[in-house]
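*Asks:* A predicted structure for the sequence below; I have some questions about it.
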Amino acid sequence: MSSLEQGALNAFPESRIDAEYFALRNGAGISPLADRLLIRVVGSDRVAFMHGMCSQDVKSLAAGAVAPALILNERAHLIADLFLYAEPDALLIETDRRLWPAARDHLERLLVADDVEFETLGETAVLDLEGPLSGRAAAAIAGASVADLAEWRHVTADGLIIANLPRYGMQAYSIIAPRTIIDGLAAKILGAADRPETARVAPETLEIIRVENGRARVGIDTNEKTIALEARLEAAISFSKGCYVGQETIERATARGGIRKRLFGLRIAGERPPAPGAAVIYQEKEAGRLTSVVCSPRFGAIGLAIIHQPAWTPGATVAVRADDGEFSGIVSELPFQ
């Protein structure tokens, strides 16, 4: 980080988004995730079934583990991304509520004689705690011991599930609780905070963090024909497990280097960024489309785009053509640096 960027982060925040971003980078940002849905998977065949239906090695998940996973179709096109929480008597799925109907239809189509049931937990919600002090924030709810919880682990305390879950690639905790008490939990954390860097943050500020860290959002940065590897979702894929839906395409693309499109960042010149959907032009040819775009307090206007291989070089100059004008852009490796 340059001295200029460090100074900007340490300066007194001037706007709401600046203050929220400051909390995320220096303390703890607290945010209920209204777009997340919880599904409880039960039945004696739940582990074997989900092992064959998703990209993660579900059979190796011991109780208390959390792991990212993908639901793919036979061609390895993305249907949904999710987090799996392994419990002694169930699997808990956390996913984007927009994606679950298609994912459930896909799973139930392949569910023949397996003893598996999906129970949507409509009255359960997720509270996200992001930032270097997120462990301390979680401790205000569940006791000091949760601050030492290892990454990708969860515990149950007083009916709450507390997980050390770096969902956007930075230090973070998640609390799963009844929807009716989520706001109360957030208020309790804020009331117990002894530093000004703990704050409630809005979804648009979390979106800045997501884009800065290059985390693709399925259905936003991908479409129905996007292959998981194109979206840089390798962390959710086990490359050593047995057969699962979509594995053949993943294995072939990995072994032969068959990926011709990939997610990259774009640093965009100008005070007003283009809207998602703008064409990314490299050497007079369309290389992809801008998907997510935000104004970062640290980097300025930035976005994500899955672009074709000729434009993969970080530092390459591209044009971003929108309905309301043309912008200059620079290809960036992810996460943004």
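*Replies:* It's in. Owing to the predicted nature of the structure, the values given are computational and were not obtained by experimental measurement. Residues are numbered from 1 along each chain as shown.

*Asks:* Let me see the ranges of the helices in the stretch 101-250 of the chain.
*Replies:* Assigned by DSSP state H, counting those that start in this stretch, the helices in the stretch 101-250 of the chain fall at 134-142, 182-192, 203-212, 247-256.

*Asks:* To residue 273, which of those helices lies closest?
*Replies:* Closest approach to residue 273 among the helices of the stretch 101-250 of the chain is made by helix 203-212 (10.9 Å; Cβ to Cβ). Where C-beta positions appear, they are placed from N, C-alpha and C, glycine not excepted.

*Asks:* For that closest one, which outside residues touch it?
*Replies:* By Cβ atoms under 8 Å, 6 or more residues apart in numbering, the residues outside helix 203-212 that reach it are 17, 20-21, 24, 29, 31, 34-35, 128, 130, 168, 170, 217, 265, 292-299, 302-304, 335-336.

*Asks:* can you rerun that using 6 Å?
*Replies:* 17, 20, 21, 24, 31, 168, 292, 294, 296, 304, 336 (Cβ atoms under 6 Å, 6 or more residues apart in numbering).

*Asks:* Make sure the third one is indeed in a helix.
*Replies:* Yes. For residue 21, which was evaluated using DSSP: H, G, I helix; E, B strand; the rest coil, the result is membership in a helix.

*Asks:* Enumerate every residue touching it.
*Replies:* Neighbouring residues of residue 21 by Cβ under 6 Å, 6+ apart: 205, 297.

*Asks:* Low-confidence regions, the stretch 51-200 of the chain specifically.
*Replies:* Under the criterion pLDDT under 70, no range of the stretch 51-200 of the chain is flagged.

*Asks:* what about the strands in it?
*Replies:* Per DSSP state E, counting those that start in this stretch, the stretch 51-200 of the chain carries strands over the ranges 66-72, 78-87, 90-96, 117-120, 124-130, 153-157, 160-164, 172-178, 198-200.

*Asks:* Dihedrals phi and psi, the closest residue in space to residue 238 that isn't next to it in sequence?
*Replies:* Leaving aside its chain neighbours, residue 238 sits nearest to residue 57 (4.0 Å; criterion: Cβ to Cβ, 6 or more residues apart in numbering). Main-chain torsions, residue 57, degrees, to the nearest 10: phi -80, psi 80.

*Asks:* Please apply the same query to the one 4 residues further on.
*Replies:* With angles defined as degrees, to the nearest 10, residue 61 sits at phi -80, psi 110.

*Asks:* Report how many residues lie close to it.
*Replies:* 21 (other Cβ atoms under 10 Å).

*Asks:* contacting residues for it?
*Replies:* By Cβ under 6 Å, 6+ apart, the neighbours of residue 61 are 67, 86.

*Asks:* Would you check how far apart it and residue 229 are?
*Replies:* Here residue 61 is placed at a distance of 22 Å from residue 229 (Cβ to Cβ, to the nearest Å).

*Asks:* any idea what sits nearest residue 310, other than its immediate chain neighbours?
*Replies:* Of all residues not flanking residue 310 in the chain, residue 282 sits nearest, at 6.2 Å (Cβ to Cβ, 6+ apart).

*Asks:* is it true that that neighbour touches residue 311?
*Replies:* Yes. Taking Cβ atoms under 6 Å as the definition, residue 282 is a contact partner of residue 311 at 3.8 Å.

*Asks:* does residue 318 really touch residue 327, like I thought?
*Replies:* No. With contact defined as Cβ under 6 Å, residue 318 does not reach residue 327; the gap is 9.3 Å.

*Asks:* Residue 74 versus the nearest residue to residue 51 once chain neighbours are set aside, what's the distance?
*Replies:* Nearest residue to residue 51, sequence neighbours excluded (Cβ to Cβ, 6+ apart): residue 58, at 4.1 Å. Taking Cβ to Cβ as the measure, residue 58 falls 19 Å from residue 74.

*Asks:* Give me the more crowded residue out of the two.
*Replies:* Higher neighbour count among residue 58 and residue 74: residue 58, with 25 against 10, using other Cβ under 10 Å.

*Asks:* Roughly how far does the more buried one sit from residue 270?
*Replies:* Taken as Cβ to Cβ, the span from residue 58 to residue 270 is 46 Å.

*Asks:* wait, which of the contacts of helix 203-212 is closest to residue 134?
*Replies:* Proximity of those to residue 134 was ranked by Cβ to Cβ; the top entry is residue 24 with 9.4 Å.

*Asks:* mind checking the backbone torsions on the closest one?
*Replies:* Dihedral angles for residue 24 - degrees, to the nearest 10 - are phi -60, psi -40.

*Asks:* That one is in contact with residue 129, isn't it?
*Replies:* No. The pair residue 24 / residue 129 is not scored as a contact, 10.1 Å apart, by Cβ under 6 Å.

*Asks:* So in the protein, which strand runs the longest?
*Replies:* Secondary structure of the chain per DSSP state E: the longest strand is strand 285-296.

*Asks:* Just checking: what are the partner strands of whichever helix or strand comes after that strand?
*Replies:* Following strand 285-296 in sequence order, the next helix or strand is strand 300-308 (DSSP states H and E). The strands beside strand 300-308 in its sheet (DSSP bridges) come out as strand 261-268 (antiparallel), strand 285-296 (antiparallel).
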